[in-house]
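*Asks:* Okay, sequence plus prediction incoming.
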Amino acid sequence: MLPVDDKGLVIQSFAKDSKEGKRYFKTEFYSTAMKLISTDSILIDKGMYFYSDVVESGVLYTVLRQKDGSFMIVAFNPVTHKNNHNGW
């Protein structure tokens with residue numbers, strides 16, 4: 001769980017493993033009154049784990065890493081209610 005400025009609260013979770021070595025990373029966004037506003041999921045490699053979070057200019061950036069050092073940055077924008085991601 002992580003507050004996103006004065007816009008609300010984000011809860012992020014990993015789904016159980018799905019087929020072909022992938023699983024879902026889910027982001028739920030709640031208002032300050034704890035009403036669910038949106039849910040968004042992306043498919044990631046099952047070996048990825050949570051590394052860190054930071055809020056910058058109202059956007060939540062989450063770093064997911066693999067044991068080999070590769071990583072993915074997931075950006076959640078509370079205005080659009082969507083995740084965007086890039087991997088390296």
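*Replies:* Everything's here; your move.

*Asks:* Doesn't Thr32 belong to a strand?
*Replies:* No: inclusion of Thr32 in a strand is not indicated when DSSP: H, G, I helix; E, B strand; the rest coil is applied; the result is coil.

*Asks:* how near is it to Lys67?
*Replies:* In this view, Thr32 and Lys67 are 37 Å apart by CB to CB, to the nearest Å. Placement of C-beta: from N, CA and C, glycine included.

*Asks:* what do you get for Thr80?
*Replies:* Computed with CB to CB, the distance linking Thr80 and Lys67 is 32 Å.

*Asks:* and what of Ile42?
*Replies:* Relative to Lys67, and taking CB to CB, Ile42 is found at 20 Å.

*Asks:* which of those two has more neighbours?
*Replies:* Shown here are Ile42 and Lys67; by other CB atoms under 10 Å, Ile42 has more neighbours (15 against 8).

*Asks:* ok, that one - contacts?
*Replies:* When contacts are counted by CB atoms under 8 Å, 6 or more residues apart in numbering, Ile42 touches 24-25, 74, 83, 85.

*Asks:* buried stuff in the helix or strand in which Thr62 is found?
*Replies:* Using DSSP states H and E, Thr62 sits within strand 59-65. Of the residues in strand 59-65, those with enough neighbours to count as buried (16 or more other CB atoms under 10 Å) are 59-60, 62, 64.
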